[in-house]
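S.K.: got a sequence here, can you build the structure:
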Amino acid sequence: MRVPTSLSSGESCLVKAEQGVTASSAVQWLKGRKEYYPSIWEKPDNVTPILPSIDFEDEVVFVPVATDNAYFHPRLARGGKFTIGAKGEEVQYDSYDEALSELQKMATPRWRRPNGAGNWGIVSGRDWKRVERRKLPVT
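M.R.: Residues are numbered from 1 along each chain as shown. This next block holds a predicted model:
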């Protein structure tokens, strides 16, 4: 649900203000959303945030990440081929690097992978992740 929908439905904690909504009600609304990640400015001044290390020891590749946080990796070959693309527009590649390169060119990267039941379906990438090549799962 977006802010305008929330305001018109009357079912939200958002409080209308002169130019939109109040900051305090917006913060409360954001905290109720699954996509919300708190900012460091909300932490007390005496708390130093722990930043994730951005140092890598090996070659890094950018891989697409699906909404369930699973990402495109070399174990996703099926019958020795990687299948990428939207339904009905799928293309197969023999090489992981070739398939990854083509995924990086797509506005919305899509690839086939097995679900929890082992059925192969298409997932869409929503984000990108840096991964050291040596840490990618291999066949």
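S.K.: switch to C-alpha atoms for all contacts and neighbour counts from now on
M.R.: Will do.
S.K.: quick one: the longest strand along the chain to chain centroid distance?
M.R.: If you go by DSSP state E, the chain has its longest strand at strand 120-132. Centroid separation between strand 120-132 and its chain, computed with CA atoms, centre = their mean, to the nearest Å, is 7 Å.
S.K.: which residues does that strand contact?
M.R.: Strand 120-132 has contacts (CA atoms under 8 Å, 6 or more residues apart in numbering) with 56-67, 71, 86-87, 108-115.
S.K.: try 6 Å
M.R.: 58-66, 109-114 (CA atoms under 6 Å, 6 or more residues apart in numbering).
S.K.: for the record, mean pLDDT for it?
M.R.: Mean pLDDT, strand 120-132: 95.
S.K.: helix, strand or coil: sort out Y36 for me.
M.R.: coil (DSSP: H, G, I helix; E, B strand; the rest coil).
S.K.: quick check: the gap between it and E90.
M.R.: According to CA to CA, to the nearest Å, Y36 stands 33 Å off from E90.
S.K.: give me the more crowded residue out of these two.
M.R.: Ranked by neighbour count (other CA atoms under 10 Å), Y36 and E90 place E90 first, with 14 against 11.
S.K.: quick one: pLDDT of that one?
M.R.: 97.
S.K.: relative to V65, how far out is it?
M.R.: From E90 to V65 the distance is 18 Å (CA to CA).
S.K.: most neighbours out of the contacts of strand 120-132, which is it?
M.R.: Going by other CA under 10 Å, W111 tops those with 27 neighbours.
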